[in-house]
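Trainee: What follows is a protein structure lacking sequence information:
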């Protein structure tokens with residue numbers, strides 16, 4: 001009888017997502033509140049490092065999805081059981097909430113006033129001249145790229161995928177690269193939990209309903225865009241790229257020849 005380890009997996013997702021937000025929100029707080037000398041590329045790299053650390057620490061237990069868009073996308077293409085999607089997603093939101101709380105604790109004295117501007121230390125918002133539908137499409141595209149990379153780097157049949165410990169670093173660099181491509185436009189949530197968990201925290205911590213009303217009720221954008229984009233990216237990889245990997249393609253030819261001979 002197969003032993004279930006769902007509790008341990010969910011606990012790992014809580015811890016991994018908390019690590020991600022502690023790194024990321026702490027970096028943004030350092031930039032916004034203390035005016036640390038951190039450029040955009042450096043900020044993206046530090047977010048990516050948070051991803052890598054989360055993968056190194058928790059990946060052996062849960063796979064370190066740390067992102068509902070990853071969990072839903074893997075389930076949509078048959079690489080993850082649907083029955084675990086809700087527990088994983090809830091765990092990721094809890095972890096993001098706790099990670100934001102940890103970053104807030106570090107910088108609590110710097111929040112002299114709780115304004116709409118400084119609450120974005122914890123979660124994302126689009127630039128003023130970008131509409132919510134456009135922002136949703138940006139998040140969709142960026143998350144599709146994220147899943148294309150994750151699927152490729154995690155594919156045992158892909159001979160050029162990074163092996164061993166290199167995979168976590170590569171995913172972190174992918175996240176940093178995505179931030180460099182278009183992150184300044186929407187804050188590159190590319191992760192519903194990374195945005196929604198901290199929004200819940202800021203609402204409780206004194207910002208009230210502002211996190212959900214800001215930018216014409218922007219809160220839905222980092223949820224819908226990444227979820228749809230993640231599934232799209234996973235499908236593109238699974239249907240249009242993976243079948244043509246030499247290892248997969250040759251196996252299918254051998255299987256077809258064997259079937260015909262029978």
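Mentor: That came through fine. All values reported here derive from a predicted model rather than from experimental measurement.

Trainee: excluding its backbone neighbours, what's nearest residue 130?
Mentor: Nearest-residue entry for residue 130: residue 185, 6.0 Å, with adjacent residues in sequence omitted and distances by CB to CB, 6 or more residues apart in numbering. Where C-beta positions appear, they are placed from N, C-alpha and C, glycine not excepted.

Trainee: Does that neighbour touch residue 135 like I think?
Mentor: Yes: using CB atoms under 8 Å, residue 185 is in contact with residue 135, at 7.3 Å.

Trainee: if we can go back for a sec, state the distance from the residue nearest to residue 130 to residue 150.
Mentor: From residue 185 across to residue 150, the span is 22 Å (CB to CB, to the nearest Å).

Trainee: Between these two, which is the more surrounded one?
Mentor: Taking other CB atoms under 10 Å, residue 185 and residue 150 do not tie; residue 150 has more neighbours (25 against 16).

Trainee: show me what contacts that one?
Mentor: 70, 171, 174 (CB atoms under 8 Å, 6 or more residues apart in numbering).

Trainee: need the contact list for the first one.
Mentor: So the one you mean is residue 70. Contact analysis of residue 70 by CB under 8 Å, 6+ apart lists 146, 147, 150, 230.

Trainee: Hmm, the last one is touching residue 73, no?
Mentor: Meaning residue 230. Yes: the criterion here is CB under 8 Å, and residue 230 meets it with residue 73 at 3.7 Å.

Trainee: avg pLDDT for stretch 125-136?
Mentor: For stretch 125-136, mean pLDDT rounds to 96.

Trainee: Same question for stretch 234-248.
Mentor: Stretch 234-248 comes out at a mean pLDDT of 93.

Trainee: count of residues packed around residue 205?
Mentor: Using other CB under 10 Å, residue 205 has 18 neighbouring residues.

Trainee: On the three-state scheme, it is what?
Mentor: helix (DSSP: H, G, I helix; E, B strand; the rest coil).

Trainee: before we move on, back to that, what helices or strands is the helix or strand the residue nearest to residue 130 falls within leaning on?
Mentor: Assigned by DSSP states H and E, residue 185 falls within helix 184-186. Other elements packing on helix 184-186 under the criterion 3 or more CB pairs under 8 Å, 6 or more residues apart in numbering; DSSP states H and E are helix 132-153.

Trainee: ok, now which ones touch the residue nearest to residue 130?
Mentor: By CB under 8 Å, 6+ apart, residue 185 lies in contact with 126, 127, 130, 135, 138.

Trainee: Assign the first one to helix, strand or coil.
Mentor: In other words, residue 126. What three-state DSSP gives for residue 126 is coil.

Trainee: What sits closest to it if chain neighbours are left out?
Mentor: Counting by CB to CB, 6+ apart, the residue nearest residue 126 is residue 135, at 3.9 Å.

Trainee: Could you list the low-confidence segments of this structure?
Mentor: The model of the chain has pLDDT under 70 over residues 1-4, 249-262.
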